[in-house]
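**Student:** The following block contains a protein sequence and its predicted model.
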Amino acid sequence: MAKQKRLKIALIGYGAISQMLFDVFREKKPPIDIVGVLVRKGRVADTQKKVGKKVAVVDTLKALLKLNPDVVVEAASQQAVREWGETILKKGFDFMVIATGAYGDPVLWKKHLKAAEKGGSRLRLPSGAIAGLDGLLAMRLGKLEKVKYISIKPPHAWTGTPAETEFDLPSIKEPTVIFRGKPADAGRLYPKNANLAVTVALCGAGLDNTEIELVADPTLPPGTNASKLEVVADSGELKLERLGRAMPDNPKTGVLTALTMADDLLKIVRHSDW
Ligand SMILES: NC(=O)C1=CN([C@@H]2O[C@H](COP(=O)(O)OP(=O)(O)OC[C@H]3O[C@@H](n4cnc5c(N)ncnc54)[C@H](O)[C@@H]3O)[C@@H](O)[C@H]2O)C=CC1
Ligand SMILES: O=C([O-])CC(=O)C(=O)O
C-alpha cells in the first residue's frame, strides 16, 4: 500500500480556534502536521512555550511560507485576510479563511479568486459556526427567493462592538435586535461576530439580497450562542436552527467554527468525504 503523504498546515493566529485545532489533531492523530504558527510581533516566545519545539513560531508571512505548507489556515482576523490573502494564493498556497467578513468587499473577493486562479491554488471556505451550508449552496443552483440569517449571542458577546453605543448591553432583559441590514455592513461593523453574514450571502443570494439580523439574547443557556437560517427557493424551503457551545475563552466564537475547519482539513487526508 502506498504510504500516505502527511498534510502540512500553517496557522495564522494563535487564539481560541487555533488552540482547538491543535487539540483536535493531537487527540485524533490524523496524518496532519501543524508546521508553523504566525503570531503578532512580540508574541513569539510566549507562543513557542505553548506549542512546543516541533512547531515553528514566526512573526512574518515570509517565514511562514518558507515552511512550505500545503494549506495556510487563517484563524486570526479580517485584517490578516486583507493583508496576506493575495500573496498566499498567488504564490500557489491553498488558503483557508474563517474571517470571511473580509469578503463583504467585492473587490477583495474578486482579487483573491483571481490570485487563486493565477497561482493554481485554492481558497478553502469552511461552513464555520453555522455548519451545513451545503443545502444553501445546492439550492442556489435553482432560484433563491429569500435568504435570511439571524445570529443570536448573549449581550456580553456584543461588548466592544457598535451595539455598545446604542444599547446598555448589561441591562438587556429580552431578545433584542441590535442590527438589521446588509451582510457587508454586518461583517464590517461586527468583525468578530458576524463573519457568517458574509459567508451566508456568498453561498446564496449574494451581498445585496440576503437579510441579516444580529440579536442580543440574555435568555440563551449560559456559554452558548445560536443562529437561524431561513431559505425559500424553487427547490423547497430550508430552516436551520443551531444552538452552539461558545469557546470557553472567547464567547464571540462558536466551538463548531474550529470543528468545521478541522473537518475540512481532515477531508483532504481521508479517502472519502465522510
Ligand atoms: N466564519 C465563522 O463562522 C467564524 C469566524 N470567526 C472569526 O475567526 C477569527 C479567529 O477567531 P478566534 O480564534 O475565536 O479569535 P481569537 O481572538 O481568540 O484569536 C485570534 C488570534 O489571532 C491573532 N491575530 C489577529 N490578527 C493577526 C495578524 N494579522 N497576525 C497574527 N495574529 C493575528 C490575535 O491576536 C489573536 O491572538 C476571528 O476573526 C473571528 O471573528 C469566529 C467565529 C465564527
Ligand atoms: O461563532 C459564531 O456564532 C459566528 C461568528 O462569530 C461570526 O460569524 O463571526
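**Tutor:** Happy to help now that I have it. Ligands and ions are numbered 1, 2, ... in the order given.

**Student:** Contacts only, for the residue in the chain that ligand 1 sits nearest to.
**Tutor:** Residue of the chain nearest ligand 1, by CB to the nearest ligand atom: Gly15 (1.6 Å). All C-beta atoms are positioned from the backbone trio N, CA, C, and that covers glycine. Going by CB atoms under 8 Å, 6 or more residues apart in numbering, Gly15 touches Ala75, Ala76, Asn250.

**Student:** now do 7 Å
**Tutor:** Ala75, Asn250 (CB atoms under 7 Å, 6 or more residues apart in numbering).

**Student:** Ala115 now?
**Tutor:** Counted by CB under 7 Å, 6+ apart, Ala115 has contacts Glu86, Leu89, Lys90.

**Student:** wait, doesn't the last one sit right on Lys118?
**Tutor:** The reference is to Lys90. Yes - between Lys90 and Lys118 there is a contact under CB atoms under 7 Å: 5.7 Å.

**Student:** Wait, a helix at Tyr14?
**Tutor:** No - Tyr14 is assigned coil when assessed by DSSP: H, G, I helix; E, B strand; the rest coil, not a helix.

**Student:** Can you list phi and psi of it for me?
**Tutor:** Main-chain dihedrals, Tyr14, degrees, to the nearest 10: phi -130, psi 70.

**Student:** From what I see, it and Gly36 are in contact.
**Tutor:** No - using CB under 7 Å, Tyr14 makes no contact with Gly36, being 10.8 Å away.

**Student:** Tell me where the model's unsure across the stretch 151-274 of the chain.
**Tutor:** Residues of the stretch 151-274 of the chain meeting the criterion pLDDT under 70: none.

**Student:** so where do the helices sit in it?
**Tutor:** For the stretch 151-274 of the chain, the helices defined by DSSP state H, counting those that start in this stretch cover 163-166, 183-189, 195-203, 255-269.

**Student:** quick check: angle from the third one to helix 255-269?
**Tutor:** Meaning helix 195-203. 50 degrees (axes from the mean of the first three to the mean of the last three CA atoms, to 10 degrees).

**Student:** So what touches helix 195-203?
**Tutor:** So helix 195-203 is contacted by 98-101, 103-104, 128-130, 133, 136-137, 147, 149, 151, 183-184, 186-187, 207, 210, 212, 227, 229 (CB under 7 Å, 6+ apart).

**Student:** same check, this time on the shortest one
**Tutor:** With contacts defined as CB under 7 Å, 6+ apart, helix 163-166 is touched by Trp158, Leu169, Ile178, Ala216.

**Student:** Buried members of these into ChimeraX, please.
**Tutor:** This is how ChimeraX selects the buried members of the contacts of helix 163-166, with burial counted by 16 or more other CB atoms under 10 Å:
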select :158,169,178,216
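
**Student:** Let's have the contacts of helix 163-166 in TSV, adding distance to ligand 1.
**Tutor:** Formatted as TSV, these follow (distance: CB to the nearest ligand atom, whole Å):
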residue	distance to ligand 1
Trp158	13
Leu169	18
Ile178	17
Ala216	17
